[in-house]
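Visitor: Coordinates for the following, if possible.
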Amino acid sequence: MKSIRTFSALLVISLSSPFHLAYAQSLVQGGGASVPANLYKGSADSILPNSFSYAVTGSGKGKKAFLSNDPSLFGNIGTVHFAASDSVLTATELSDYTNAYNVPTTNQKYGALIQIPTALVPVVIPFNKPGAKLDLSINEICGVFAGKITDWSQLSSGWSSGQSGPITVVYRSESSGSTEVLTRFLSAACKSVDLFGTSLKPQSNWSGSAPGFSIQTSFAGLFSNNTAPSNFLPAVATGDTSLLDTVNSGNGRIGYTGPDVMANPDDATKVARVIGFSPKDVSIPATIGAVSPPTSAQDIADPLKWVPNIAYPSTGYPIVGFTNLIIGQCYKRPIVASAIRSFLFNHYGSAGDSSQDQGPNDATLRAHWFYPLDRTWREAIRTRFALASSSTGLNNPGACNGIGRP
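Guide: So this is what the prediction gives:
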């Protein structure tokens with residue numbers, strides 16, 4: 001009996017030991033944005049392989065985990081192999097990473113990083129006002145998210161005529177890519193809208209300066225003292241699901257989220273049209289089709305050049321950005337590099353199918369209300385980053401000789 005108890009105790013200790021945790025790790029560890037979480041992992045048609053883990057933390061924490069290789073932010077140990085983010089890397093973030101891990105001859109520890117879009121994503125506007133349909137004009141969406149329009153009776157241009165009652169705006173309190181996509185749109189679309197009387201921070205405009213929107217990952221950063229107006233409410237927890245739950249738990253609430261948590265983003269009684277367009281009306285020609293992939297050697301090697309700036313498309317649903325993948329160019333474990341390369345081929349196409357108009361995951365992307373990249377972008381990403389023979393390619397022998405993420 002004593003020997004059995006001793007064995008049981010040793011078994012419990014071993015299962016809780018760092019050795020066991022390391023053994024239980026996924027081959028490829030990552031996480032970040034909540035917007036593509038169901039697309040990447042956890043659904044029957046998710047596109048990440050079984051050997052990949054995905055921790056939902058929000059874009060800001062996801063970028064931080066990758067850039068500092070801090071797996072504790074994902075609740076893991078070992079190495080952060082990739083991050084997903086709807087928030088684009090900043091020049092400061094890239095410079096700090098380069099200084100820490102990619103200075104040739106002095107501190108080239110991990111090598112370069114790669115930032116590439118995986119899909120276009122609309123940020124949708126869920127609302128909770130039973131009996132109403134909603135089609136927001138530019139003046140109205142700017143007024144609502146600035147805190148200038150505070151009652152449903154002030155929304156007169158859409159299908160919500162006749163509705164009344166206070167508006168409560170629900171926002172993401174953590175650093176969020178969907179916040180960045182929304183505020184990028186608002187900063188472009190609202191430049192000529194009168195937002196005087198709001199607590200938005202002053203921005204430059206044609207007449208000097210006035211309250212206006214700026215691009216932010218933290219929503220409260222739009223406002224003076226980083227404090228949202230009194231009719232604004234932070235979501236009860238992080239992520240898109242929490243924001244939607246907070247909207248749905250109170251009459252008169254409105255917010256913003258990725259499309260994948262909505263049962264039907266085309267339901268005008270639950271998700272607002274914007275200037276007449278549903279989230280199903282994203283225009284590929286006016287978004288990714290309007291921008292060419294980088295072609296010069298300098299731009300190809302610059303991660304900041306691979307995510308186009310789509311602030312306010314000329315037509316179609318206007319609140320749209322990209323969900324992006326951030327990976328290292330160099331990995332010390334060939335099996336990890338091989339797994340990531342296989343995913344890249346699986347998503348962007350292999351040499352045999354790169355000339356096809358449809359990418360391997362296009363049907364799945366559309367099922368989750370994302371929009372695939374066009375053939376030109378898929379082929380450019382595959383050629384520049386999936387192929388080891390490319391100088392910027394994953395685990396290129398010349399670029400990655402003796403260096404890389406562990």
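Visitor: The residue nearest to the spatial centre of the chain and residue 374, how far apart?
Guide: Most central residue of the chain, judged by C-alpha distance to the mean C-alpha position with Cα atoms, centre = their mean, is residue 86 at 1.9 Å. Using Cβ to Cβ, to the nearest Å, we find residue 86 at a distance of 19 Å from residue 374. All C-beta spots, glycine's among them, are computed from the backbone N, C-alpha and C.
Visitor: tally of neighbours for residue 227?
Guide: Neighbour count for residue 227, taken as other Cβ atoms under 10 Å: 11.
Visitor: Not counting sequence-adjacent ones, nearest residue to it?
Guide: residue 220 (6.2 Å; Cβ to Cβ, 6 or more residues apart in numbering).
Visitor: you'd agree that neighbour is up against residue 174?
Guide: No: proximity of residue 220 to residue 174 does not meet the contact threshold set by Cβ atoms under 8 Å, at 10.6 Å.
Visitor: Which one of these two is surrounded by more residues?
Guide: Shown here are residue 220 and residue 174; by other Cβ under 10 Å, residue 174 has more neighbours (20 against 17).
Visitor: got a list of what the more buried one touches?
Guide: Residue 174 makes contacts with 58, 60-61, 218, 238, as judged by Cβ atoms under 8 Å, 6 or more residues apart in numbering.
Visitor: Tell me where the model's unsure across the stretch 151-300 of the chain.
Guide: Of all residues in the stretch 151-300 of the chain, those with pLDDT under 70 make up the ranges 157-161, 205-207.
Visitor: Would you state the strands of it in chain order?
Guide: Counting by DSSP state E, counting those that start in this stretch, the stretch 151-300 of the chain has these strands, from start to end: 168-171, 202-205, 208-211, 232-234, 253-254, 273-274.
Visitor: Output those strands in CSV, with mean neighbour count appended to each entry.
Guide: CSV is the format used below for the strands of the stretch 151-300 of the chain (neighbours: other Cβ atoms under 10 Å):
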stretch, mean neighbour count
strand 168-171, 23
strand 202-205, 13
strand 208-211, 14
strand 232-234, 17
strand 253-254, 21
strand 273-274, 22
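Visitor: To residue 358, which of the ones you listed lies closest?
Guide: Across these, the minimum distance to residue 358, taken as Cβ to Cβ, is reached by strand 273-274, at 27.9 Å.
Visitor: Just list what that closest one packs against, helices and strands only.
Guide: Here strand 273-274 touches strand 135-136, going by 3 or more Cβ pairs under 8 Å, 6 or more residues apart in numbering; DSSP states H and E.
Visitor: ok, back up a step: could I get the strands of the stretch 151-300 of the chain as TSV with distance to residue 327?
Guide: Conversion of these to TSV gives the following (distance: least, Cβ to Cβ, whole Å):
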stretch	distance to residue 327
strand 168-171	30
strand 202-205	35
strand 208-211	39
strand 232-234	32
strand 253-254	36
strand 273-274	33
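Visitor: nearest to residue 134, of the ones you listed?
Guide: Going through those one by one, with Cβ to Cβ as the measure, strand 273-274 comes closest at 6.7 Å.
Visitor: Break down the stretch 151-300 of the chain into its helices, ranges please.
Guide: Ranges of helices in the stretch 151-300 of the chain, per DSSP state H, counting those that start in this stretch, are 177-189, 240-248, 297-300.
Visitor: per-residue confidence for the closest residue to residue 118 other than its chain neighbours?
Guide: Closest residue in space to residue 118, ignoring its immediate chain neighbours: residue 325 at 5.2 Å, by Cβ to Cβ, 6+ apart. The pLDDT attached to residue 325 in the predicted structure is 98.
Visitor: Residue 325: what secondary structure?
Guide: Secondary structure state of residue 325, per DSSP: H, G, I helix; E, B strand; the rest coil, is strand.
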